[in-house]
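In: sequence-free structure coming up:
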Ligand SMILES: NC(=O)c1ccc[n+]([C@@H]2O[C@H](COP(=O)([O-])OP(=O)(O)OC[C@H]3O[C@@H](n4cnc5c(N)ncnc54)[C@H](OP(=O)(O)O)[C@@H]3O)[C@@H](O)[C@H]2O)c1
């Protein structure tokens with residue numbers, strides 16, 4: 001009823017069902033309840049990543065009750081993360097990009113981030129103070145993040161992020177992984193933080209995301225490749241060397257495209 005079909009007990013998601021209808025198909029027949037009209041302002045190649053990374057990050061921001069007065073932190077600048085920065089900026093929020101390295105500083109500021117924090121290395125502490133900041137053009141933001149989206153490929157502990165948060169922050173887990181997550185108890189409980197999870201989007205929010213995207217002329221960063229054996233090989237080479245920025249889109253012909261989503265882009 002609410003359109004949150006992904007939370008239905010019988011739901012079977014991408015990569016777990018319909019395996020005979022893979023992402024490289026040239027066409028697919030689906031029930032109209034699962035189809036979305038793409039606004040004219042969105043190109044087919046741009047629409048492809050919006051249908052997953054876009055819908056999911058928009059939903060996560062809505063699930064957290066994000067408003068224009070919020071300071072949004074985005075952990076992991078990849079397919080989802082770069083989209084989250086674009087959406088949060090368009091919503092009028094302050095945005096801090098939080099990355100495992102300093103390789104994406106320039107990208108983050110081009111995407112619209114106001115601040116950037118990097119980890120010493122993956123899984124290690126994120127630097128909470130001025131030393132962790134890469135000052136490029138923007139004014140430093142006080143570390144009062146009250147909406148934190150976890151969009152990295154892996155998350156083992158929330159401990160490094162605690163010093164970055166304002167009281168009563170909402171942390172949204174988006175990472176899909178099998179391993180457990182460690183939460184420092186008192187630093188989480190005493191400031192009254194909230195922890196929620198979000199996957200995909202309700203039908204209503206998916207439609208609103210497309211409208212929002214068209215209205216704000218939001219453009220994801222995509223790299224286009226022809227949908228040929230050579231094009232796919234080139235796309236995989238970009239993925240496997242960690243150079244895709246930030247989604248690879250296979251273009252079959254004018255007006256028809258297919259995304260390679262769920263691949264690492266770091
Ligand atoms: N909840 C949902 O609705 C939903 C929807 C789609 C995908 N997902 C999940 O969201 C996650 C990200 O997907 P994506 O498509 O954005 O992936 P992606 O394009 O590969 O980006 C993920 C980012 O995570 C960081 N990262 C890479 N390896 C890491 C590691 N070992 N430990 C910590 N961080 C790492 C990198 O950012 P930095 O270089 O900035 O650190 C990388 O760019 C995946 O787990 C995916 O399955 C969730």
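Out: On my side now, so go ahead. Everything numeric here is computed off the predicted structure, so don't read it as measured data. Numbering: from 1, shown residues only.
In: Point to the residue nearest the middle of this protein.
Out: Centroid-nearest residue in the chain: residue 80, 1.8 Å away (criterion: CA atoms, centre = their mean).
In: Residue 216 reaches residue 89, doesn't it?
Out: No: with contact defined as CB atoms under 8 Å, residue 216 does not reach residue 89; the gap is 9.1 Å. C-beta coordinates here come from the backbone N, C-alpha and C atoms, glycine included.
In: out of these two, which sits in the busier spot?
Out: residue 89 (18 against 14; other CB atoms under 10 Å).
In: hmm, the single longest strand found in the chain in reach of the ligand?
Out: Secondary structure of the chain per DSSP state E: the longest strand is strand 165-173. No: figure legend: strand 165-173 not in contact with the ligand (CB under 6 Å from any ligand atom); closest approach 7.7 Å.
In: Am I right that residue 148 sits in a strand?
Out: Yes: using DSSP: H, G, I helix; E, B strand; the rest coil, the secondary structure at residue 148 is a strand.
In: Show me how far stretch 154-161 is from its chain's centre.
Out: When distances are taken as CA atoms, centre = their mean, to the nearest Å, stretch 154-161 is centred 17 Å away from the chain's centroid.
In: Check which residues of that stretch are buried.
Out: Neighbour-count burial for stretch 154-161, with 16 or more other CB atoms under 10 Å as criterion, is recorded at 155, 158, 160, 161.
In: what's the closest non-adjacent residue to the last one?
Out: Just to be clear, that refers to residue 161. residue 148 (6.1 Å; CB to CB, 6 or more residues apart in numbering).
In: Flag the shaky bits of the stretch 1-150 of the chain, pLDDT-wise.
Out: 1, 14, 20-24, 119-142 (pLDDT under 70).
In: How about it: which residue is closest to the ligand?
Out: residue 78 (1.7 Å; CB to the nearest ligand atom).
In: Could you report the separation of that residue from residue 186?
Out: As judged by CB to CB, to the nearest Å, residue 78 and residue 186 stand 31 Å apart.
In: out of the two, which sits in the more crowded spot?
Out: residue 78 (24 against 8).
In: okay, now residue 91: neighbour count?
Out: 18.
In: got a list of what it touches?
Out: The contact partners of residue 91, by CB atoms under 8 Å, 6 or more residues apart in numbering, come to 61, 66, 67, 68.
In: Going by distance to residue 169, which of those residues wins?
Out: residue 66 (11.6 Å; CB to CB).
In: So the closest one sits against residue 147, correct?
Out: Yes: under the criterion of CB under 8 Å, residue 66 is in contact with residue 147, at a separation of 5.2 Å.
In: shared neighbours, those two?
Out: The contact lists of residue 66 and residue 147 share 72, 88, 93, where a contact means CB under 8 Å, 6+ apart.
In: and the helix or strand containing residue 230, is it in reach of the ligand?
Out: Assigned by DSSP states H and E, residue 230 falls within helix 229-240. No: using CB under 6 Å from any ligand atom, we find that helix 229-240 stays clear of the ligand, coming within 8.3 Å at best.
In: Summarise which helices and strands that helix is packed against.
Out: strand 222-226, strand 247-253 (3 or more CB pairs under 8 Å, 6 or more residues apart in numbering; DSSP states H and E).
In: Residue 66 and residue 147: which has the busier surroundings?
Out: residue 147 (27 against 23).
In: got a list of what the more buried one touches?
Out: Taking CB under 8 Å, 6+ apart as the definition, contacts of residue 147 comprise 61, 64, 66, 70, 71, 72, 73, 88, 93, 169, 170, 172.
In: buried subset of the residues you listed?
Out: 61, 64, 66, 70, 71, 72, 73, 88, 93, 169, 170, 172.
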